[in-house]
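Trainee: predicted model follows, preceded by the sequence.
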Amino acid sequence: MANSELDPTVRVRFCPSPTGNPHVGLVRTALFNWAFARHNGGKLVFRIEDTDAARDSEDSYNQLLDAMRWLGFDWDEGPEIGGPHAPYRQSQRMETYADVAARLKAAGHAYECYCSTEELDARREAARAAGRPSGYDGHCRELTADQVEVYRQEGRQPIVRFRMPDQALTFDDLVRGPITFDPKDVPDFGIVRANGAPLYTLVNPVDDALMEITHVLRGEDLLSSTPRQIALYAALAEIGVGNGTTPRFGHLPYVMGEGNKKLSKRDPQASLNLYRERGFLPEGLLNYLALLGWSLSADDDHFSMDQLVAAFDIADVNANPARFDLKKCEAINARHVRELAPEEFVRRLVPYLQAPGLLPAEPSAEQLALLAAVAPLTQERMVVLSEIVPMAGFLFVDPAEFAVDPEDAAKVLTADARPVLEASIKALEELGDFTPEPIQAALREALVEGLGIKPKFAFTPLRVAVTGRRISPPLFESMELLGRAETLRRLGAALELLPAS
């Protein structure tokens, strides 16, 4: 369904830093911004915050773009697209930041601070000991020209600090409601380093103002920086930077990991690459991540991206921390796997068979036909797409490289399996129609009726010998797909490996 109250003036931004591979918390932030923009008929601005040369890398930048494409996020302005506010990489906007910082100083909204690190630490420690707030104490707020000259003669290089207003700041958070910060808890803060490099505290609000961002949806960990940014927006409006609009803020709940701790970028389960490598579907992963703070309805945790966009309202986001549950994430992904159309399921499986070399870069028509034939036998059993390798890799492996799982062989291919394999080979050699029903009938007659073995014990050695594992697609269909010659070859090879009676 479509939103009947579209607001094309809505402009949100997703502005990650290119440091390492993306993590799921970052993806959830991107998802909520994307859904909010699409629900309202507004714009998503994709901006790269790469002013930290020591941590940012071009490889991480490329990973970010690749991740956005894989997840299916489209953006209206940003890298590879451009837009009216280009460039969208902060490293290419340094002249803008230097100009704004100079204008803030000229207007009295910022000042040079000559305090050394040691002096700052000593005054903070003294404030803590006296029970006072330990933030910056405004020491350089009103320096005289003579005091400045003394510092310069000492060779001190100043940073630039923003002058916070001396009154409380209140804003209505889209997720948490009204929030007030007392001025004593929000001291003056640095916006430019001593070497002239702009800090995040400056560049982020400047870009928001110039790019006319209307809503900022971001993690709860950034809540404490909001009053500083609101004050800076007001100063930017006063000096004519941007259109004078202060964005509305919505702070998304923490995502908690193991031990009820905030999910860290260093936690293995936080890495987006992990989910891509395992074969999660983008829509399955995003469905689950949307549930970390939001839901379509109380009794429905399974939905498409179209349904998410149609229903998404930032007011419905829960402010309480959300716990990341890998098992639930897997269960939701499995449902999306089962819903894929057969042709689409096959298409998405191909890369996971190519990765270990089971399929070439350009699969043949015969190989794709084989994959299409085995796909229906595996789709209902899969949680993630990489499971196609252990489930059906036995069909694609070079016969000379086929090997039985050692643990399964040790448990199943014992001396007791010899009569089973011998009788099976004889029955299949004599079989005319090598399709599932005749195969099953012939083997039941030879093993269950002929040897008096229960089906479970009769067919498990065959499954291990033919597929290499105790868990596989249906046995008789697998034999048909392998063909008579290869099935018999594998049964014979397993027979030769059996220990003596």
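Mentor: Thanks, I have it.

Trainee: residue 233 and residue 204 touch, don't they?
Mentor: No. With contact defined as Cβ atoms under 8 Å, residue 233 does not count as touching residue 204 (10.7 Å). C-betas here are computed from N, CA, C, even on glycine.

Trainee: who has more neighbours, these two?
Mentor: Using other Cβ atoms under 10 Å as the criterion, residue 233 and residue 204 rank with residue 204 on top: 24 against 21.

Trainee: can I get the strand or helix carrying that one in PDB? Just the C-alpha atoms.
Mentor: Taking DSSP states H and E as the criterion, residue 204 maps to helix 200-210. The C-alpha coordinates for helix 200-210 follow below in PDB (Å, rounded to 0.1, in the frame of the first residue of the first chain):
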ATOM      1  CA  TYR A 200      33.300  15.500  13.500                       C
ATOM      2  CA  THR A 201      31.600  18.000  15.900                       C
ATOM      3  CA  LEU A 202      31.800  20.700  13.200                       C
ATOM      4  CA  VAL A 203      31.700  18.800   9.800                       C
ATOM      5  CA  ASN A 204      28.600  16.800  10.600                       C
ATOM      6  CA  PRO A 205      26.300  19.700  11.500                       C
ATOM      7  CA  VAL A 206      27.700  21.900   8.700                       C
ATOM      8  CA  ASP A 207      27.000  19.200   6.100                       C
ATOM      9  CA  ASP A 208      23.500  18.700   7.600                       C
ATOM     10  CA  ALA A 209      22.800  22.400   7.300                       C
ATOM     11  CA  LEU A 210      24.200  22.800   3.800                       C
END
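
Trainee: contacting residues around residue 315?
Mentor: 174-175 (Cβ atoms under 8 Å, 6 or more residues apart in numbering).

Trainee: redo that, cut-off 10 Å
Mentor: By Cβ atoms under 10 Å, 6 or more residues apart in numbering, the residues touching residue 315 are 174-175, 250.

Trainee: what's the ChimeraX syntax to select whichever of those are buried?
Mentor: Of the contacts of residue 315, the buried ones go into a single ChimeraX selection, burial set by 16 or more other Cβ atoms under 10 Å:
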select :174,175,250
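
Trainee: and the contacts of residue 315 as CSV, adding pLDDT, distance to residue 320 and secondary structure?
Mentor: What follows is the contacts of residue 315, written out as CSV (pLDDT from 0 to 100; distance: Cβ to Cβ, whole Å; DSSP: H, G, I helix; E, B strand; the rest coil):
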residue, pLDDT, distance to residue 320, secondary structure
174, 98, 15, coil
175, 97, 10, coil
250, 98, 15, strand
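
Trainee: out of the contacts of residue 315, the closest to residue 61 would be?
Mentor: residue 250 (26.6 Å; Cβ to Cβ).

Trainee: okay, and the beta partners of the closest one?
Mentor: Residue 250 forms beta bridges with residue 217, as assigned by DSSP bridges.

Trainee: state the distance from it to residue 213.
Mentor: 12 Å (Cβ to Cβ, to the nearest Å).

Trainee: any residues in contact with both of these two?
Mentor: residue 12.

Trainee: so what's residue 448 up against?
Mentor: Shown in contact with residue 448 (Cβ under 10 Å, 6+ apart): 454-455, 457-459.

Trainee: actually, residue 13.
Mentor: Contacts for residue 13 (Cβ under 10 Å, 6+ apart) come out as 33, 37, 43-47, 75, 77-78, 88, 204, 207-208, 211, 213-218, 247.

Trainee: need the overlap of contacts for residue 233 and residue 204.
Mentor: In contact with both residue 233 and residue 204: residue 213, using Cβ under 10 Å, 6+ apart.
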